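Trainee: based on what follows, work out the 3D shape:
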Amino acid sequence: MKLPVYLDHAATTPVADEVLAAMVPFMAQAPWNASALYAGGAIARDAVEKAREEVAALIGAAADEIYFTAGGTEADNWALKGLMPLVSDGRPHALVSSVEHSAVLESAEALGRQGWEIERLPVDSRGLVEPESVDKRITERTRIVSVMAGNNEVGVVQDLRSISDCCRKRGALFHTDAVQAAAGLVLDVNELGVDLLSLSSHKIYGPKGIGALFIRRGVANRRWMDGGRQEKGMRAGTTNVPAVVGFGAACRIQRDMVAEEGRRLMSLRDDFVGKVLERIPDARYTATTAPCMPHYAHFCFKGVEGHPILIGLDAAGVYASGGAACSAGSVETSHVLRAMAVSDDWARGAVRFTLGRATTGEELDYAVSVLDEVVHDLR
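Mentor: Prediction:
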């Protein structure tokens with residue numbers, strides 16, 4: 001076994017060899033601008049459209065419903081803020097779950113500064129949004145509801161189909177941030193009933209800096225960036241052909257293996273969780289009674305703080321996270337754990353382990369031993 005043991009795949013994944021191989025020609029031998037009129041431009045355009053089809057196939061969408069972005073954060077921003085100039089009747093209302101990624105929460109706050117009424121949906125102690133809560137809060141002014149598919153901190157999976165039924169019945173658009181869920185779940189936009197869905201390449205072994213927003217046909221959403229006519233006139237900017245091609249390759253690989261790999265990771269994860277709880281007293285697995293993405297294992301350890309645990313793990317060659325990677329350095333209690341009514345004495349000891357394609361049982365056994373020693377020493 002080689003160190004480090006990487007258990008932070010929710011933060012980012014390594015670029016797969018096949019993905020890198022697909023990208024290299026478009027960085028060197030064929031560095032063409034996809035907007036160019038000469039033959040090289042046509043080659044680049046064809047590669048982009050093939051990648052668009054691969055991204056669409058991952059989530060059961062049509063290719064013309066996929067718009068490339070610079071990542072999941074931009075896709076979340078576009079999904080919500082793209083509605084801003086389209087609503088002029090009265091004071092529009094939006095519902096967002098209280099456990100969303102900051103990209104959704106802060107986009108909703110931006111709508112609030114433009115006169116929208118923003119309401120946060122509560123979750124129960126398991127981290128789940130109850131469909132009845134959505135149905136009760138939707139009004140005739142509700143334009144959009146945003147509930148993430150799988151939580152980026154604790155891994156809890158939401159009942160999107162039931163929530164989308166509430167939205168459709170009341171005429172509200174439904175957006176889901178599926179950035180993390182795409183790494184561990186089979187997704188189909190038609191089965192889920194979503195109108196907008198956000199993706200990010202680097203969570204599924206693709207390159208960083210590229211993502212996508214699914215916008216269902218017929219859903220009104222404004223031109224997002226002004227300038228050129230790229231992305232069917234909706235998002236200006238020179239197309240990042242190598243990254244788009246890599247994203248497409250990553251989606252093709254993920255689609256072919258997600259179900260089987262999900263089963264493998266769930267078995268490893270369940271064994272890992274059992275050993276942690278058996279060996280370490282006052283440890284709590286956060287998603288005990290809720291459906292959870294197969295590669296997630298989030299714990300809270302009573303009487304210790306997460307940051308020193310992570311330092312101790314790092315010193316022994318185990319890489320993990322305190323929660324959201326984009327919040328690393330924050331010492332505040334996680335808003336997700338607060339929303340789940342986890343008390344501060346537990347929440348302060350939060351640590352997230354996320355498994356990946358290369359994760360082995362031997363690595364996880366080593367992580368258990370190190371974690372046990374680190375927590376014991378800190379206590």
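
Trainee: helices of the stretch 51-200 of the chain, residue ranges please.
Mentor: With helices called from DSSP state H, counting those that start in this stretch, the stretch 51-200 of the chain shows them at 72-81, 102-113, 131-137, 160-170, 189-192.

Trainee: quick one: the ones you listed as TSV, columns for distance to D124 and mean pLDDT too.
Mentor: All C-beta atoms are positioned from the backbone trio N, CA, C, and that covers glycine. Shown next, in TSV, are the helices of the stretch 51-200 of the chain (distance: least, C-beta to C-beta, whole Å; pLDDT from 0 to 100):
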stretch	distance to D124	mean pLDDT
helix 72-81	24	97
helix 102-113	19	96
helix 131-137	9	96
helix 160-170	14	97
helix 189-192	21	98
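
Trainee: for these, which one sits closest to G237?
Mentor: With C-beta to C-beta as the measure, helix 72-81 is the member of the helices of the stretch 51-200 of the chain nearest G237 (10.7 Å).

Trainee: helices or strands up against the closest one?
Mentor: Identification of packing neighbours for helix 72-81 by 3 or more C-beta pairs under 8 Å, 6 or more residues apart in numbering; DSSP states H and E yields strand 66-69, helix 102-113, strand 142-146, strand 173-177, strand 196-200, strand 211-215.

Trainee: which residues touch that helix?
Mentor: When contacts are defined by C-beta atoms under 8 Å, 6 or more residues apart in numbering, helix 72-81 is touched by residues 67, 69, 94, 101, 103-104, 107-108, 110-111, 144, 146, 175, 177, 179, 196, 198-200, 203, 211-213, 221, 224, 235.

Trainee: now do 7 Å
Mentor: Outside of helix 72-81, the residues that reach it under the criterion C-beta atoms under 7 Å, 6 or more residues apart in numbering are 69, 101, 103-104, 107-108, 110-111, 144, 146, 175, 177, 179, 196, 198-200, 211-213, 224.

Trainee: so where is the protein shaky, pLDDT-wise?
Mentor: Under the criterion pLDDT under 70, the flagged ranges of the chain are 85-89, 323-331.

Trainee: just name the most buried of the helices of the stretch 51-200 of the chain.
Mentor: Scoring the helices of the stretch 51-200 of the chain by mean neighbour count under mean count of other C-beta atoms under 10 Å gives helix 72-81 as the most buried, with a mean of 25.

Trainee: at which residues are the strands of the chain located?
Mentor: Listed in chain order, the strands of the chain (DSSP state E) span residues 5-6, 66-69, 93-97, 117-121, 142-146, 173-177, 196-200, 211-215, 283-285, 296-301, 318-319, 350-354.

Trainee: is it possible to export these to CSV including mean neighbour count and distance to Y366?
Mentor: CSV is the format used below for the strands of the chain (neighbours: other C-beta atoms under 10 Å; distance: least, C-beta to C-beta, whole Å):
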stretch, mean neighbour count, distance to Y366
strand 5-6, 22, 6
strand 66-69, 26, 38
strand 93-97, 25, 36
strand 117-121, 18, 40
strand 142-146, 23, 39
strand 173-177, 28, 33
strand 196-200, 29, 29
strand 211-215, 27, 33
strand 283-285, 18, 17
strand 296-301, 26, 15
strand 318-319, 21, 7
strand 350-354, 27, 12
